[in-house]
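A.B. asks: sequence and predicted structure, then a few things I'm wondering about:
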Amino acid sequence: LSNEALLYTYTPPVVTEINLTNRFQNGMIFQQNKPWIVNGTGVIGETVTVELINKENATVQTKTATVDADSNWLVTMDAVVGSYDAYTVKVSSGNNTKTIENVVFGEVWAAGGQSNMAYHFKPASNGDNVVSEADKIALQAELAAYEKAGYLRFFMSNNGHQSGLVAEDVSGKWGNASDW
């Protein structure tokens, strides 16, 4: 053995502006009637301000947090009653501002699984016979009305996530039902 030693050091990347994690995008939805979280990275020691702005351009909530020593910040906002009205979420720190447009509060359902989660119902074996034709027509009409109004929104994450691991962030995109 040698008397030499190796010294490894890690220097985290320097954050020079406020950033949001990827799931915060235009057209997103937060769970109604529950506190909701906005988080990201920023300049160590700076104050981050999160504002919820309604369709009349009035600020209805404001919360702040301080960026920690690891460049992370997290703000917990108060619960919002569900509605079809779109809001704007404005996040600012220093001279930097990020804006998320067309945000709504409603029911959020999380679904996950294997590749069969992307399988369409119609081509399934006997798929046409599982739901009666009348129910299918009624459901399609109801879904079409919600889709037209922009009430059905999805977050489609990119493939490649490993089960059992907690992710700091997830890559993907928010969109309306017709986008998928």
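C.D. replies: Sure, I can see it.
A.B. asks: C-alpha from now on. contacts and neighbour counts both.
C.D. replies: Fine.
A.B. asks: for the helix or strand containing Lys173, which helices and strands make contact with it?
C.D. replies: In this assignment (DSSP states H and E), Lys173 forms part of strand 172-176. With contacts taken as 3 or more Cα pairs under 8 Å, 6 or more residues apart in numbering; DSSP states H and E, strand 172-176 sits against strand 153-157.
A.B. asks: point to the helix or strand of this protein where mean pLDDT is at its lowest.
C.D. replies: helix 127-130 (a mean of 56; mean pLDDT, DSSP states H and E).
A.B. asks: okay, now the unreliable bits of the protein?
C.D. replies: Counting by pLDDT under 70, the chain shows low-confidence ranges at 1-13, 110-169, 176-180.
A.B. asks: can you pull out the helices in it?
C.D. replies: Along the chain, counting by DSSP state H, helices occupy 127-130, 133-148.
A.B. asks: listing partners with orientation, what would you give for the strand holding Lys173?
C.D. replies: strand 153-157 (antiparallel) (DSSP bridges).
A.B. asks: please report the distance of the nearest residue to Ser93 once chain neighbours are set aside from Thr59.
C.D. replies: Leaving aside its chain neighbours, Ser93 sits nearest to Val48 (4.7 Å; criterion: Cα to Cα, 6 or more residues apart in numbering). Val48 sits 16 Å away from Thr59, going by Cα to Cα, to the nearest Å.
A.B. asks: tell me which of these two has more neighbours.
C.D. replies: Val48 (25 against 15; other Cα atoms under 10 Å).
A.B. asks: I'd say the more buried one and Ala65 touch.
C.D. replies: Yes - Val48 is within contact range of Ala65, at 5.3 Å (criterion: Cα atoms under 8 Å).
A.B. asks: so how many other residues sit close to Val108?
C.D. replies: 12.
A.B. asks: now it: closest residue in space, sequence neighbours ignored.
C.D. replies: Closest to Val108 by Cα to Cα, 6+ apart is Gln31, at 5.4 Å.
A.B. asks: could you do Phe30 as well?
C.D. replies: Nearest to Phe30 is Phe105, by Cα to Cα, 6+ apart, at 4.9 Å.
A.B. asks: that neighbour pairs with what?
C.D. replies: Phe30, Ser83.
A.B. asks: wait, isn't it in contact with Ile29?
C.D. replies: Yes - counting by Cα under 8 Å, Ile29 is a contact partner of Phe105 at 5.5 Å.
A.B. asks: quick revisit: what residues are up against the residue nearest to Val108?
C.D. replies: Taking Cα atoms under 8 Å, 6 or more residues apart in numbering, we find Gln31 in contact with Gly82, Phe105, Gly106, Glu107, Val108.
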